[in-house]
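Novice: my questions are about this predicted structure, shown below with the sequence.
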Amino acid sequence: MSSASGNDLEKTVYDESDYTYDDYDSTTGKFPGKSSYRKFGCCCTALDFKDSEKYYCGSWYCGPSPYIIVILSLWNMVIHFVYTLLYTSYFGYIFTPILLIVYIMFLVSYFQMISVGPGYLPFYWHHASEHLLEGLSTEDNFEGITTFPAQLVWLKSNPRPNRAYYFPNVGRYVIRPDFYCKWAGVYIGKRNEKLLLLTTLYATIFCFFLVISHFVTLIIRRNELTTSNFTIIVISIPVELFITLIPLAQFSRSIGLTSNNLTKFEIEHGIDKEYFGNESKKENLLDVFGRDQNCCMYALPISPFTGMTNQELIQNEKPYPFLRLIGVK
C-alpha cells in the first residue's frame, strides 16, 4: 500500500501545454460549465478529455492494481490449500478457517476502500455549498471532475473547502487527503482511511498466518514432501515474509499519523498536530473509525460516514494554511 511519488501526484488529468486560457476571462466569474460523461456497462463511466477518455468505476480510476492484488492473494491461498492441507492434516484444518475468514475480510476491506473513495468534492464546490448556481451538489459526481483548463482557472479564483485539497490527477478536491494508493488506484482520505487501516491489518495477519503454516509444514512433514513441493514452500516463505512487512509498515505509519490527527500529505506540507487541535489519541482514532459506532463495528469493513454528506464532513475542520495547488503553477 505504498504511496505515490511526487511525480505521480503532479500528473494532471490533461496536458495543460495543449491549451490556452484566452477563451476564459476569470474576472467575469462566469461558470465554465460542468464536465460531460457517459455511462456504459454496469458501473463504468467515461469522461471526455482532449483526444482521449478516462474511465472510472465509481471512485476507482480503472487500472490493473485490483487484478494484481487478487491474483497474488489467490495464488497464496492455492499454495496453502495444495501443500499445507495436503501434508499437515489437523494443523491445516485449524489454520484454514482462520485464513479464509481473514482473507475474506481483507478482500472486502480492500474493495470497500476503493468503492467508498476518500470523499471527493467537485471543482465547483464553493458555488454548490453557497447555492450560488442551481443544480449543483457538493457530493461527489462525475460532472465535478475538471476536464478542461477553464474549470481549473475558475476553481483557483474561488474559496476552497476546509481540510480538502484539489489534486489535478483526479480533478477534484480530496477531503482530508493522506496519499494516493497505487495498489488501489484511489486516494486515501476521510471516508476510506479506516478501510485502509483494516486492509493493511488483515493483509498483515493473512500473510503472517501463511508464513507460519508453511513453516510448520516444513518442520512437521519435511520427510514426506517431494523435492518440487519442498522447493516451492522454501521459496514461498521468505517471499511471504517480505510481503508481510509491506502492509505492516503501511499500517504502522497510518495508525500513528491517524492517532495524531494528521496525514502523510499534511506532514509533507509542514502541518503539525497542534494545528487541528489537541485531542487525545483515542479521540483522533474515533474521528476516523466513527464516534457513534459500537466498538464491535471497528473491525468490520464498513465506512463510518455512510449517511453523512461531504459538507458535514468538513464543517468542523480548518482550512489548510497553504494555497498552492499541486501540479498547478
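Specialist: Structure received. Numbering: from 1, shown residues only.

Novice: rest of the way, CA atoms for contacts and neighbours
Specialist: Noted.

Novice: just to check, Ile302 is in contact with Leu195?
Specialist: Yes: counting by CA atoms under 8 Å, Ile302 touches Leu195, with 7.5 Å between them.

Novice: now do the helices in the chain.
Specialist: Using DSSP state H, the helices of the chain run over residues 6-9, 65-79, 85-88, 90-116, 125-129, 149-156, 193-221, 227-259, 264-268, 281-289, 310-314.

Novice: ok, now which ones touch the spatially most central residue of the chain?
Specialist: Using CA atoms, centre = their mean, the residue of the chain that lies closest to the mean C-alpha position is Ile188, 3.6 Å off. Listed by CA atoms under 8 Å, 6 or more residues apart in numbering, the contact set of Ile188 reads 117-118, 177-181, 196.

Novice: of all those, which comes closest to Ile205?
Specialist: Comparing those against Ile205 with CA to CA places Leu196 closest, at 14.2 Å.

Novice: give me the number of residues near the closest one?
Specialist: Number of residues near Leu196 (other CA atoms under 10 Å) recorded here: 27.

Novice: contacts only, for it.
Specialist: Counting by CA under 8 Å, 6+ apart, Leu196 has contacts 109-110, 113, 188.

Novice: circling back: ok, now how distant is the residue nearest to the centre of the chain from Glu139?
Specialist: Here the criterion is CA to CA, to the nearest Å. By it, Ile188 lies 17 Å from Glu139.

Novice: quick one on the thing from earlier: can you list the contacts of Leu196 in TSV and add distance to His127 and pLDDT?
Specialist: Compiled in TSV, the contacts of Leu196 are given as follows (distance: CA to CA, whole Å; pLDDT from 0 to 100):
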residue	distance to His127	pLDDT
Ser109	34	96
Tyr110	34	94
Met113	29	93
Ile188	25	95
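
Novice: out of those residues, grab the one that's most surrounded.
Specialist: Neighbour max across the contacts of Leu196 (other CA under 10 Å) = Met113, 30 neighbours.

Novice: that residue touches Asn192, doesn't it?
Specialist: Yes: applying CA under 8 Å as the test, Met113 and Asn192 come out as touching, 5.3 Å apart.

Novice: how close does the spatially most distant residue from the centre of the chain sit to Phe95?
Specialist: Going by CA atoms, centre = their mean, the residue of the chain most distant from its centre is Asn223, 44.8 Å out. Remark: distance between Asn223 and Phe95 (CA to CA) = 21 Å.

Novice: what distance separates the start and the end of stretch 125-140?
Specialist: 10 Å.

Novice: what comes up buried for that stretch?
Specialist: For stretch 125-140, the neighbour count (16 or more other CA atoms under 10 Å) marks 125-128, 136-140 as buried.

Novice: cool, stretch 293-301 as well?
Specialist: Buried residues in stretch 293-301, counting neighbours by 16+ other CA under 10 Å, are found at 298-299, 301.

Novice: out of those residues, the closest to Glu279 would be?
Specialist: Nearest to Glu279 among those, with distances taken as CA to CA, is Tyr298, at 19.6 Å.

Novice: and the pLDDT for the residue nearest to that closest one when sequence neighbours are not counted?
Specialist: Once flanking residues are discounted, Tyr298 sits nearest to Phe289: 6.2 Å by CA to CA, 6 or more residues apart in numbering. Phe289 is assigned 93 on the pLDDT scale.

Novice: how close does Phe289 get to Tyr187?
Specialist: 18 Å.
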